[in-house]
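[1] Sequence and predicted structure are below.
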Amino acid sequence: MAEIKFEIQKSIGAISESAKGWKKELNLISWNGREAKYDLRDWAPEHEKMGKGITLTTEELKKLRDLLNNMEL
């Protein structure tokens, strides 16, 4: 399996934290040297391991923001 390389260019914030210290974070990440995208996933305390996540372009993130702002909670 090929090694996945990533660079967290900007940490935006954590949404939650598990009892084991893993945090669900929103970050701006460059994967394998590509253009950075917004990324939401679980991370181990020192970012040495990661869970499955979702990546979004700026346009997709704006659309998600608009959808969330229009939700009735």
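    Done, it's in.
[2] Select the longest strand from the protein.
    In the chain, assigned by DSSP state E, the strand with the most residues is strand 6-17.
[3] just the CA coordinates of the helix or strand just after that strand, formatted as CSV?
    Going down the chain from strand 6-17, the next helix or strand is strand 23-31, by DSSP states H and E. Output of strand 23-31 as CSV, limited to C-alpha atoms (Å, rounded to 0.1, in the frame of the first residue of the first chain):
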residue,chain,number,x,y,z
LYS,A,23,-10.4,14.7,17.9
LYS,A,24,-12.8,15.3,15.0
GLU,A,25,-11.1,18.3,13.3
LEU,A,26,-11.6,20.6,10.4
ASN,A,27,-8.3,21.4,8.8
LEU,A,28,-7.0,22.7,5.5
ILE,A,29,-4.8,19.8,4.2
SER,A,30,-2.6,19.2,1.2
TRP,A,31,-2.8,15.4,0.3
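[4] any residues touching strand 23-31, and which ones?
    For strand 23-31, contacts defined as CB atoms under 8 Å, 6 or more residues apart in numbering pick out 4-17, 36-43, 45, 55. Glycine gets a C-beta too; all of them are placed from N, C-alpha and C.
[5] Give the rounded mean pLDDT of it.
    When pLDDT is averaged along strand 23-31, the result is 98.
[6] Check what contacts the helix or strand following it and list those residues.
    Next helix or strand after strand 23-31 toward the C-terminus (DSSP H and E): strand 37-43. Under the criterion CB under 8 Å, 6+ apart, residues 12, 15, 18, 22-29, 31, 49-58, 60-61 lie in contact with strand 37-43.
[7] swap in stretch 6-19?
    By CB under 8 Å, 6+ apart, stretch 6-19 touches 23-32, 36, 38, 40, 42, 47.
[8] The same query, at a cut-off of 7 Å, please.
    Lys23, Lys24, Glu25, Leu26, Asn27, Leu28, Ile29, Ser30, Trp31, Ala36 (CB atoms under 7 Å, 6 or more residues apart in numbering).
[9] Tabulate those residues in CSV, adding columns for distance to Arg65 and neighbour count.
    Output for the contacts of stretch 6-19, formatted as CSV (distance: CB to CB, whole Å; neighbours: other CB atoms under 10 Å):
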residue, distance to Arg65, neighbour count
Lys23, 21, 16
Lys24, 17, 16
Glu25, 17, 22
Leu26, 11, 18
Asn27, 16, 22
Leu28, 15, 16
Ile29, 18, 21
Ser30, 22, 15
Trp31, 22, 14
Ala36, 18, 18
